[in-house]
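1. 3D model of this:
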Amino acid sequence: MVNWLNGLLYGIGGIAATCMLLLVTLQEKLVYVPVIPGMSKGYPITPARLRLTYEDIWLTAEDGVKLHSWLIKYQPAVSGPTILFFQENAGNIAHRLEFVELMLQKLNCNVFMLSYRGYGESEGFPSQGGLSMDAQATLDHLWQRTDIDPKRIVVFGRSLGGAVGSALVASNPGKVSSLIVENTFTSILDMAGVMLPILKYVIGGTGSPGLRILNFLVRSPWNTIDIVGKVKNPILFLSGLRDEMIPPSHMRRLFAAAQSNADRQLIEFPTGMHMDTWLRGGDRYWRVLQLFLEKHACDRSANGSDNDDFSSNGLNEGRIENLEQPRM
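-> Model (predicted):
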């Protein structure tokens, strides 16, 4: 009996030690994936391939790391909003060009795309502190330009990008008009238990039922659930209910955490998956974005109002809406 119990305890200890070792050594490779397996680190295409008007821009982060980015402009030139887009964790900005091309067509906007450090042609290695500096350098650059309206900058982050964007907006409320968050996690601490269920008992974010005794090992916690409650700008949450990577419950928890924000909205797309909610959402996906931009990033001097018809068109503050894909 004693031998059996000792064996069980040794087994549990071995599993725990293995989990800790994996967590310590491999966590950056799980959180940050600059190269999609089977593909090269470089850009498979550029905006020129899609005949998009763009600028190659190099920025320098606070710690001296050189960052590559693209500013893709809507043509013919208009004084529309500029969307600062922060991508998911896997691949680089070139893999998002199909989405960005549609964004320009549907929303009549400019789009600024940043290659995080270690991604694409940018220098360095990704980390939470590093990506935060990268995002700040990008926003500072936009505010120095004379060819865009700095009062109409909208931060849009998907997955990891939602965490990056939320932190940026919380730190710069007066430099951003609004925030869009799509299929984003509550925290990497909570995602540890999603990727390896045994970890949920020892690692977790705000509200986690676990002991959280190993939280100190996580170098990039990205506590988005704690950040969104500090964002005072309008927030649009977009959630694909078939997200196979991040449980959709994370988006509902983020929405609830922002309850003090009087202008927040959660839109759920029943057929949306992690990477393709923008495809499966169909025309309604783009209509939701159009309405949000019309209210929060429109040219006030031209319109002279805050778009009083916004709520009647389907986006009411502080509500959850479940939008089915349009039938063909």
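2. Confirm that Ala170 sits in a strand.
-> No. Counting by DSSP: H, G, I helix; E, B strand; the rest coil, Ala170 is not found in a strand; it is helix.
3. so how many other residues sit close to it?
-> 19 (other Cβ atoms under 10 Å). Just so you know, the C-beta spots here come from the backbone N, C-alpha and C atoms, and that holds for glycine as well.
4. Next, work out how far apart it and Phe125 are.
-> Ala170 sits 24 Å away from Phe125, going by Cβ to Cβ, to the nearest Å.
5. Pretty sure Ser159 sits against Thr277.
-> No. When contacts are counted by Cβ atoms under 8 Å, Ser159 is not listed as touching Thr277 (10.5 Å).
6. Report the set of residues contacting both of the two.
-> Both Ser159 and Thr277 are contacted by 182-183, under the criterion Cβ atoms under 8 Å, 6 or more residues apart in numbering.
7. so who does Gly229 touch?
-> Shown in contact with Gly229 (Cβ under 8 Å, 6+ apart): 257-261.
8. Closest one of these to Ser249?
-> Nearest to Ser249 among these is Ala257, at 12.4 Å by Cβ to Cβ.
9. Surely that closest one and Ile225 touch.
-> Yes. Counting by Cβ under 8 Å, Ile225 is a contact partner of Ala257 at 4.9 Å.
10. So those two - more neighbours on which side?
-> More neighbours surround Ile225 than the other of Ala257 and Ile225, with 24 against 21 (other Cβ under 10 Å).
11. Find the residue closest to the more buried one in space, skipping its chain neighbours.
-> Leaving aside its sequence neighbours, Ile225 sits nearest to Thr186 (Cβ to Cβ, 6 or more residues apart in numbering; 4.1 Å).
12. what kind of secondary structure is that neighbour in?
-> On the basis of three-state DSSP, Thr186 is classed as coil.
13. Likewise for Gly272?
-> Gly272 - assigned by three-state DSSP - is coil.
14. List the residues that contact Glu55.
-> 70-71, 73.
15. now stretch 199-216: how far from the chain's centre is it?
-> Mean C-alpha position of stretch 199-216 versus that of the full chain (Cα atoms, centre = their mean, to the nearest Å) differs by 23 Å.
16. Show me what counts as buried in it.
-> Neighbour-count burial for stretch 199-216, counted by 16 or more other Cβ atoms under 10 Å, picks out 199-206, 208, 210, 212, 214-215.
17. possible to save those residues as TSV with distance to Glu268 and secondary structure?
-> Output for these, formatted as TSV (distance: Cβ to Cβ, whole Å; DSSP: H, G, I helix; E, B strand; the rest coil):
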residue	distance to Glu268	secondary structure
Leu199	27	helix
Lys200	24	helix
Tyr201	29	helix
Val202	31	coil
Ile203	27	coil
Gly204	24	coil
Gly205	22	coil
Thr206	22	coil
Ser208	23	coil
Gly210	27	coil
Arg212	29	coil
Leu214	32	coil
Asn215	30	helix
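18. Under the pLDDT cut-off, which ranges of the chain? List them.
-> Segments of the chain classed as low confidence (criterion: pLDDT under 70) are 1-25, 78, 300-320, 322-328.
19. Now Tyr285. Nearest residue, chain neighbours left out?
-> According to Cβ to Cβ, 6+ apart, the nearest residue to Tyr285 is Trp278 (5.5 Å).
20. Going by secondary structure, that neighbour is in what exactly?
-> Counting by DSSP states H and E, the element that carries Trp278 is helix 277-280.
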